[in-house]
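Asks: for reference, the sequence and a predicted model appear below.
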Amino acid sequence: MNPHDDMARAAAELAPIPRDQKGEPVFREPWEAQAFAMTLALYERGLFTWTEWAAALSAAIRRAQAAGGCDDGSTYYQHWLSAIEQLVREKGIASEQALAERRDAWDRAVHATPHGQPILLENDPLR
C-alpha cells in the first residue's frame, strides 16, 4: 500500500479525492497538485497521522459548509489547503501570522506576474 492509497482511504468517507476514469487523482489547477503533494510530504515527515489529516479535512469542509460555501466539489482542494494550514498551526510549525504573510506574498505575486507566465513567489514585488 502506498501513501496515496492511505490518504485516499482516510479522506474517502467524508470527501473522496476527485479521480479520473483510471482512478488517478484529478487536479484542475497546478496548485491543487501542489497541495496534494505537500500533504504527502508533511505526512512522510511525520507531521500528522492519516486520522489527524482526515479530521482536519473534515473540519475544514464543515466550516466551509456552515459558512454557506459551495458544495459542488469545485472547492475541494481549498479545503485541503485549509486543513494543511490548520495542522501546521496546531503542530506549532508556523503561526497564523506567518501563514497570513505567505498568503499575502502569493497574492502580490499573482498580481505582479504577466499573463501566461508561471506564478512564482519570486514575483512578489516586496520580496
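Replies: Received the coordinates, thanks.
Asks: of all residues in this protein, which one is nearest the centre?
Replies: Among the residues of the chain, the one closest to the centroid is residue 81, at 2.5 Å (Cα atoms, centre = their mean).
Asks: contacting residues for residue 45?
Replies: If a contact means Cβ atoms under 8 Å, 6 or more residues apart in numbering, then residue 45 has no contacts. For glycine as for every other residue, the C-beta is placed from the backbone atoms N, C-alpha and C.
Asks: which helix or strand contains the residue nearest to the centre of the chain?
Replies: Per DSSP states H and E: residue 81 is located in helix 76-90.
Asks: how about residues contacting the helix or strand containing residue 97?
Replies: If you go by DSSP H and E, residue 97 is part of helix 96-112. With contacts defined as Cβ under 8 Å, 6+ apart, helix 96-112 is touched by 85, 88-89, 94, 119-127.
Asks: so, low pLDDT: which residues of the protein?
Replies: For the chain, the stretches with pLDDT under 70 are 1-16.
Asks: all helices of this protein, in order?
Replies: Assigned by DSSP state H, the helices in the chain fall at 3-12, 30-44, 50-66, 76-90, 96-112.
Asks: dump the contacts of helix 96-112 to CSV, plus distance to residue 54 and neighbour count.
Replies: Listed next are these as CSV, based on distance: Cβ to Cβ, whole Å; neighbours: other Cβ atoms under 10 Å:
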residue, distance to residue 54, neighbour count
85, 16, 19
88, 16, 20
89, 18, 14
94, 21, 14
119, 30, 15
120, 32, 12
121, 29, 11
122, 34, 11
123, 35, 18
124, 33, 19
125, 39, 9
126, 37, 8
127, 35, 11
